[in-house]
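Student: Got a predicted model here, sequence first, then my questions.
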Amino acid sequence: MAASTALAGGSSLSTYARNSDSDGGAHFGALHCLKGLDMRLPIAAAALVAAAFPAPPVEAHPAEAAQGECANALATLDGDFPTGAYASCEATGDKRFKLVIAPEDEGRINCSAWYAFRLTPARKGRVTIDLDYATCGHRYWPKISTDGVTWDYLKAKNVTVEGERNERTASIKVKLGDGPVFIAGQEIVPPSVYDAWLDGLAAHADAERRLLGKSAEGRDIPVMTIAGEGTQRETVLLVGRQHPPEVSGALAMFPFVETLLGDSDLARRYRARFQTLVVPILNPDGVVRGHWRHNTGGVDLNRDWGPFTQPETKLMDGLMKEVATDPGRRLRLMLDFHSTNHDVFYTIPDELPTEPELFTRRWLDRYQELMPDYEVNREARHDVGRPVSKAHVYDTYGIPGVTFELGDETDRELIRRIGEQAAIAMMETLLDSPEP
Ligand SMILES: [Zn+2]
């Protein structure tokens with residue numbers, strides 16, 4: 001087994017060569033970065049460059065077994081790496097492949113039609129990949145990377161999308177050079193990236209990483225506690241990646257959390273008063289398997305807050321109860337990072353009383369002030385008993401819950417700014433609220 005080794009200057013291509021280890025998993029480590037953007041994180045730059053982390057062992061999975069690889073004269077196509085996903089692959093010509101993209105199970109599912117595959121060239125040339133969808137149709141604009149670190153949008157001239165809505169198919173042209181390339185619906189951000197990120201953050205005196213628990217398949221679900229010296233009576237909860245393909249939400253969560261751990265006077269005052277619990281990847285099994293929506297129990301985790309039937313959501317329930325049952329502590333806020341087709345905050349309406357009072361409105365007003373050239377979208381509603389995170393925390397704890405949604409294709413530099421400014425506005429607003 002290869003040791004996990006952080007590489008100082010970015011990831012070498014060899015990390016991503018087709019490289020199976022003894023338990024059959026591919027080594028993969030990646031840091032998300034679209035072309036021209038330095039997404040390295042200020043606190044943990046060294047630890048955050050991609051590393052060759054071994055993938056956790058996984059059991060055989062019908063979809064994976066069916067996935068297989070295929071080859072033609074030009075290249076071999078496979079999905080044997082964390083997040084790699086397609087239902088079937090066929091070489092339809094010397095320079096052409098057809099992939100069928102399908103969801104992970106037969107249940108009802110959102111149309112987050114994730115795909116990720118690797119092309120390993122046998123020789124140079126142009127290859128065409130036809131993406132056919134079993135349901136839902138094409139959604140994510142394809143991104144390409146040679147190293148898993150730096151990602152480019154495929155150029156429009158190389159992507160043809162045909163059909164409408166659930167009938168949308170796509171055809172992708174890729175110029176193959178010497179080494180393998182990855183193509184995916186979004187930047188690939190597997191658990192190894194979170195590990196490197198959390199390890200980097202944990203070097204900060206005010207951050208502590210621990211294991212919250214294990215997923216259904218035994219993968220780690222980490223939690224990071226952020227707090228200054230002394231005793232914090234108020235707790236803010238941040239959750240991410242309930243839905244595997246929702247990478248743009250993750251790209252906002254990273255700078256959001258880093259801002260809470262920053263050196264500003266604001267951040268120090270915030271950490272002195274508030275404890276933050278960060279669970280950045282609640283559905284690691286779904287992420288590794290390239291699921292569209294569910295965990296391996298076939299459940300949408302964000303429809304299980306209340307029933308808490310799944311190992312992953314049970315961990316969240318336990319974490320919240322741990323705070324709520326301690327008479328010296330109070331849950332104050334829950335933010336849940338997601339992606340959809342545009343940037344929007346799903347909130348509860350201002351008419352419903354919360355503690356802190358009118359937090360959501362005051363926070364988003366302040367955030368809008370900090371983002372004068374950007375329009376903050378908010379949609380407020382509440383269905384009592386709906387088993388989603390934001391409704392559950394309001395119904396159960398009377399606190400504001402917000403689903404923080406980033407657009408699939410929102411500019412990545414803007415996403416970073418959104419994460420930073422939303423965090424600043426949140427800290428200011430919470431510090432302005434009376435202490436319980
Ligand atoms: Zn979501």
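Tutor: That came through fine.

Student: My guess is L201 contacts Y194. True?
Tutor: No: if you go by CB atoms under 8 Å, L201 and Y194 don't touch, sitting 10.3 Å apart. Every residue, glycine included, has its C-beta placed from N, CA and C.

Student: more crowded one of the two?
Tutor: L201 (26 against 23; other CB atoms under 10 Å).

Student: How much space separates the more buried one from the ion?
Tutor: Counting by CB to the ion, to the nearest Å, the gap between L201 and the ion amounts to 24 Å.

Student: who's in contact with S171?
Tutor: Contacts of S171 were listed using CB atoms under 8 Å, 6 or more residues apart in numbering, and they are T128, I129, D130, L131, V159, T160, V161, E162.

Student: Could you say which helix or strand holds it?
Tutor: Taking DSSP states H and E as the definition, S171 sits inside strand 169-176.

Student: So which bits of the stretch 251-400 of the chain are right by the ion?
Tutor: H338 (CB under 5 Å from the ion).

Student: Indicate the residue of the stretch 301-436 of the chain located nearest to the ion.
Tutor: Among the residues of the stretch 301-436 of the chain, H338 lies closest to the ion, at 3.3 Å counting by CB to the ion.

Student: So what pairs up with that residue in the strands?
Tutor: Beta-bridge pairing for H338 (DSSP bridges): E405.

Student: Around it, count how many other residues there are.
Tutor: Around H338 there are 23 residues (other CB under 10 Å).

Student: so it touches Q242, yeah?
Tutor: Yes: using CB under 8 Å, H338 is in contact with Q242, at 7.3 Å.

Student: Contacts for the longest helix that the chain contains, please.
Tutor: Ranked by residue count and defined by DSSP state H, the top helix of the chain is helix 412-432. Helix 412-432 has contacts (CB under 8 Å, 6+ apart) with 34, 37, 39, 234, 236, 248, 251-260, 266-267, 269-270, 273-274, 332-333, 335, 343, 356, 359, 362-364, 366-367, 369-371, 374, 404, 406, 410.

Student: Need the residues touching each of H338 and Q242.
Tutor: Residues touching both H338 and Q242 by CB under 8 Å, 6+ apart: N302.

Student: what pairs with the closest residue to N377 other than its chain neighbours across the strands?
Tutor: Excluding the flanking residues, the one nearest N377 by CB to CB, 6 or more residues apart in numbering is V344, at 4.3 Å. Per DSSP bridges, the residues bridged to V344 are E405.

Student: thought V344 was touching R381?
Tutor: No: the criterion here is CB under 8 Å, and V344 misses it with R381 at 12.0 Å.

Student: Neighbour count for those two, which is higher?
Tutor: Under the neighbour definition other CB under 10 Å, V344 and R381 were set side by side, and V344 has more, 17 against 11.
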